[in-house]
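# need a 3D model of the following:
(2 chains)
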Amino acid sequence: MVPKQPGVSKQSRVQPKQQERSLIFSAATLLAFNLSACTTNAPNATNSSNATEASALNKVALTVTDKGCEPNQLSVPAGKTSFEITNQSSQPLEWEILDGVKVVEERENIAPGFVQDLKADLEAGEYDMGCGLRSNPKGKLTVTATGTSASAVITPSQLVAPIAEYKVYVIQEIDQLVIKNQAFTDAVIAGDITKAKDLYAPTRVHWERAEPIAELFSDLDGSMDAREDDFAKKADDPEFTGFHRIEKALFQDNTTEGMKPIAEKLMADTLDLQKRIMELAIEPKNMVGGAAALIEEVAATKVSGEEDRYSRTDLWDFNANVEGSQKIVTLLRPLVEKVNPDLQKRVDTAFAQVNTTLAKYKAPGGGFVEYDQLAKGDRDDLKAVLATLSEDLSQFRGTLGVD
Amino acid sequence: MSVSHSSNSPVFRRLSRRDVLLGMIGAGGAAALASLGYRSLTHSGEIPATAEASVPFFGLHQAGITTPSPASALMVAFKVTPKTRADLTHLFQRLTDRIEFLMAGGTPQAIDPKFPPADSGILGPRVYPDNLTITVALGASLFDQRFGLAHLKPRHLAEMPSFPNDQLDPDLCHGDLMLQFCANTAETNLHALRDILKNLSDALVLSWKIEGFQQPNTLKGEHQTSVRNLLGFKDGTANLNPQDQKRMDQLVWVQAGSEPAWTTGGSYQVVRVVRNLVERWDRTPLQEQEQIIGRKKDTGAVLGYHQESDIPNYDRDRKGQQIPLDAHIRLANPRKSDLGLILRRGFNYSRSFDNAGQLDMGLLFVCFQSNLQTGFITVQERLNGEPLEEYIKPIGGGYFFALPGVPAKGQYLGQALLEAV
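Residues are numbered from 1 along each chain as shown, chains lettered A, B, ... in the order given. Predicted structure coming up:
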């Protein structure tokens, strides 16, 4: 299927009430493409004062008679416009915005005497308006570029390459997870506690980097990465499996007894995950939102030291989440810089701060020291910078116009 | 309380609906209504009339100290994360902006719905003032080596020590910065806190917080100037009158002279989380409770007197036959001199319960004074060893210095300190 232009919504013709707007990208094959056009009303900064500013929704009214549109020429700024269409003709009306022959937006079946709203998100350019009877003259709709947005609009097609690259990244991480997890679970099954302990944190790194995608499969997320808090009977719950169950056995109980079935299940789940991710179409919101989700995860559970409570390897996971988020930010940088360079700068600064603080806790033999060695002052600094980073990354979806 | 019931109150009868709306100009009137539990709705059917009441932000002194004390309080201590004086200054400038907006109210910026909203929305699409005050105070730790402010520390400001009966929880003590939120409703305080956290997340990290309230059905009538604490006794009866400007200048506001110049117009703030051992208290004979406090439980009158407002003459009871010499009110305020006089602004608090299954509730004690030594510390030293200690356990709090006010727009909280050399 040929990618359509921004704002073109095939489904809207068929099912106007169910406008599925997602970008589906599957294993290097572009299947369908109908992401809504990006918006441009990006706030300058989360820290800006809450000055009163009108929303960017323009409103335009027009009437369709038996002879055509009144007015027959309209000019609106780029972005969102609400068209209020009054049907004063004698028959049911289909009102359309056309880009050449392509229908950009339309409102079907407006009964005579009725008024309907059509909200359209338009990029700058010249459009035609269909005005009832095909014999009626088409109206002219001019969409003018607005000050800040003209050069800042991100079209959905610009997200295709970053998403493709991101999928490659995720696949590579999961491939590494499979390899490392094989060695880890082999050690557990063989009863080699020392080796298993050594392999625990380096294995999880790959899971944590790819977490926004890995956790999309809630069954696997539950069986592989749940913590004892997620279960009614806590650590004793038979449903408590996966990495953290083995972590508890290795680091708290100092045994591998009874872990064979859990290790086997973890390996099987990992292979299942690998297979599913190969087939997965990563949606823009999963990737763009994933940068924020990873940092939210760090801010909510990693900085507090709850993730790896038995092994105290939290900082490994912490760092891997940050790397995963930074990967996304790097891939999106050219786009974000175009729309909101200040935002990109703040995010870069925050990541640098996090990395500088984390670097103080690198272990000589690779990886990180135990969580308990994190000084309170550094933990407070990390809390502050992670909260700010979460605020700024929460602007990414809006900045790139991703639903 | 329903409006029809409160119409019996003399305070209420004097107020027409128009007065209610006009009364918003004088925050006192609105606060009185708030304490009556006035819940009339505006045309929108959503926002209570008292919600429009606001307390001015600008002034020589900060609001929230002598301004009327509404029903809900929220005390939040923070650690500040800036590393330089310049970044700290930026924090105070931004904090000033947020407080000014929140206290006045207004409509937050409308944002493209693809973005997170600028405001939490918990007060609705428009932020109404609701008598909100946010009072900013500094802890002694802010004057450590980080910002080169050590030589500017207020003379008496130090980390709050542990008094003999204290059992301080380190997770409920001290802080670089204390924000005191007061408003008609808890939601307004929480809205303000969330706004500040969202906008200043890079510079503020939560240290601890506690919410306080005043009994909603306690009338502040003509002879009932105080509310009841969770021991069931009137509390704050002998408090200083915050409307008495002269007394406030003497006892609450730091005057030019003995302190660093920037402190003029500020005030020492003491916060104490005083847990009441309520189960045990409720199992104590009434007469013993009254002897411990020094007041009748029902009327609030000092023992041997008739009304809550009657002032005891301890000279006529030198042996303590009427009012025990170690009664709480007698120790706290011997009515001899100004020594130990403080402006209290206390609330009740209720949290969870302890491992023994006993309730964790009590007094969220807050007071202001121009001199910490002759104020709170003097009172506390008199109270050390009092019989009431068997039923109370201070578990948290701290000493802070409430900044002078912001006289006019364009200036910011803490400016005199941060621009001092």
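# give me the neighbour count for the closest residue in space to B:Q358 that isn't next to it in sequence.
Spatial nearest neighbour of B:Q358, excluding adjacent residues (Cβ to Cβ, 6 or more residues apart in numbering or on different chains): B:E279 at 5.4 Å. Every C-beta, even on glycine, is put in place using the N, C-alpha and C of the backbone. Neighbour count of B:E279, defined by other Cβ atoms under 10 Å in any protein chain shown: 13.
# where in the stretch 151-300 of chain B is pLDDT low?
B:215-225 (pLDDT under 70).
# also chain A?
Scanning chain A for pLDDT under 70 picks out the ranges A:1-56, A:145-152.
# in it, which helix is the longest?
If you go by DSSP state H, chain A has its longest helix at helix A:157-190.
# give me the buried positions along it.
Using 16 or more other Cβ atoms under 10 Å in any protein chain shown as the test for burial, helix A:157-190 gives A:158-160, A:162-164, A:166-167, A:169-171, A:173-174, A:176-178, A:180-181, A:184-185, A:187-189.
# all helices of the stretch 301-403 of chain A, in order?
For the stretch 301-403 of chain A, helices defined by DSSP state H, counting those that start in this stretch occupy the ranges A:314-339, A:341-359, A:376-393, A:396-399.
# any idea which of those helices is most buried?
Scoring the helices of the stretch 301-403 of chain A by mean neighbour count under mean count of other Cβ atoms under 10 Å in any protein chain shown gives helix A:396-399 as the most buried, with a mean of 25.
# would that helix count as contacting chain B?
Yes: applying Cβ under 8 Å from any Cβ of the partner chain, one finds that helix A:396-399 is in contact with chain B at A:R397, A:G398, A:T399.
# where exactly do the helices run in the stretch 251-400 of chain B?
B:278-282, B:286-293, B:328-332, B:378-383.
# now tabulate those in JSON lines and tack on distance to A:Q274.
Converted to JSON lines, the helices of the stretch 251-400 of chain B look like this (distance: least, Cβ to Cβ, whole Å):
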{"stretch": "helix B:278-282", "distance to A:Q274": "58"}
{"stretch": "helix B:286-293", "distance to A:Q274": "70"}
{"stretch": "helix B:328-332", "distance to A:Q274": "70"}
{"stretch": "helix B:378-383", "distance to A:Q274": "66"}
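# deepest-packed of those, please.
helix B:328-332 comes out most buried of the helices of the stretch 251-400 of chain B by mean count of other Cβ under 10 Å, with a mean of 21.
# from the chain's centroid, how far away is that one?
Distance, stretch centre to chain centre, for helix B:328-332: 21 Å (Cα atoms, centre = their mean, to the nearest Å).
# tell me which strands and helices it is in contact with?
Judged by 3 or more Cβ pairs under 8 Å, 6 or more residues apart in numbering or on different chains; DSSP states H and E, helix B:328-332 is in contact with helix B:286-293, helix B:378-383.
# mean confidence (pLDDT) on it, please.
Averaging pLDDT along helix B:328-332 gives 97.
# what sits up against it?
Applying Cβ atoms under 8 Å, 6 or more residues apart in numbering or on different chains, the external contacts of helix B:328-332 come out as B:238, B:292-295, B:302, B:312, B:314, B:320, B:323-324, B:340, B:379, B:382-383, B:386-388.
# among those residues, name the buried ones.
Applying 16+ other Cβ under 10 Å to the contacts of helix B:328-332 flags B:238, B:292-295, B:302, B:312, B:314, B:323-324, B:340, B:379, B:382-383, B:386, B:388 as buried.
# mind listing what the residue most central in space within chain B touches?
Centroid check for chain B by Cα atoms, centre = their mean gives B:R345 as the closest residue, at 4.2 Å. Applying Cβ under 8 Å, 6+ apart, we find B:R345 in contact with B:I65, B:S69, B:V366, B:C367, B:F368.
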